[in-house]
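Trainee: model this:
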Amino acid sequence: QLHLVESGGGTVQAGGSLRLSCVASGIPTITYHMAWFRQPPGKAREPVARIDPLGSSTYAESVKGRFTISKGNARNTVYLQMNNVKPEDTAVYYCAAKYRAQDEYAGWGQGTLVTVSS
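Mentor: Down below sits the predicted model:
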């Protein structure tokens, strides 16, 4: 059964950096489509970054050039490197996975809170 656990959130000043981690159990993330989503306070959840089994990644326009999604050397980890963070990046961040491109994302965990202070 797919189970994902996010960590690495915290409070960071604007312009700073943070790295989020996602550890998966039950699947080898290297063969899955993995993604990071976020839910800002009072808003709907939105996609942030995705990476496919071949390592190709896409980003939301709001984070392009600042965030990097990557798969770890361990077969069950995914990271989100956040650089030059802005107050509008404040949100609960979640990772999710799917095996096929046409599937829905699944495995939503508790998320990790990122707060960016100005």
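
Trainee: so residue 32 sits right up against residue 100, yeah?
Mentor: No - the pair residue 32 and residue 100 does not pass the contact test of C-beta atoms under 8 Å, sitting 9.2 Å apart. All C-beta spots, glycine's among them, are computed from the backbone N, C-alpha and C.

Trainee: More neighbours: these two, which one.
Mentor: Legend: neighbour count by other C-beta atoms under 10 Å for residue 32 and residue 100, higher for residue 32 (24 against 8).

Trainee: Centroid-nearest residue for this structure?
Mentor: For the chain, the residue sitting closest to the mean C-alpha position, by C-alpha atoms, centre = their mean, is residue 36 at 2.7 Å.

Trainee: list the helices and strands the helix or strand that residue falls within packs on?
Mentor: Element membership for residue 36, per DSSP states H and E: strand 33-39. Packing partners of strand 33-39 (3 or more C-beta pairs under 8 Å, 6 or more residues apart in numbering; DSSP states H and E): strand 18-25, strand 46-51, strand 67-71, strand 77-82, strand 91-98.

Trainee: try 10 Å
Mentor: Helices and strands touching strand 33-39, by 3 or more C-beta pairs under 10 Å, 6 or more residues apart in numbering; DSSP states H and E, are strand 18-25, strand 46-51, strand 57-59, strand 67-71, strand 77-82, strand 91-98, strand 112-117.

Trainee: among those strands, which is nearest residue 40?
Mentor: Residue 40 lies closest, by C-beta to C-beta, to one member of the helices and strands packed on strand 33-39: strand 91-98, at 4.3 Å.

Trainee: Check which helices and strands that closest one sits against.
Mentor: Judged by 3+ C-beta pairs under 10 Å, 6+ apart, strand 91-98 is in contact with strand 3-7, strand 18-25, strand 33-39, strand 46-51, strand 77-82, strand 112-117.
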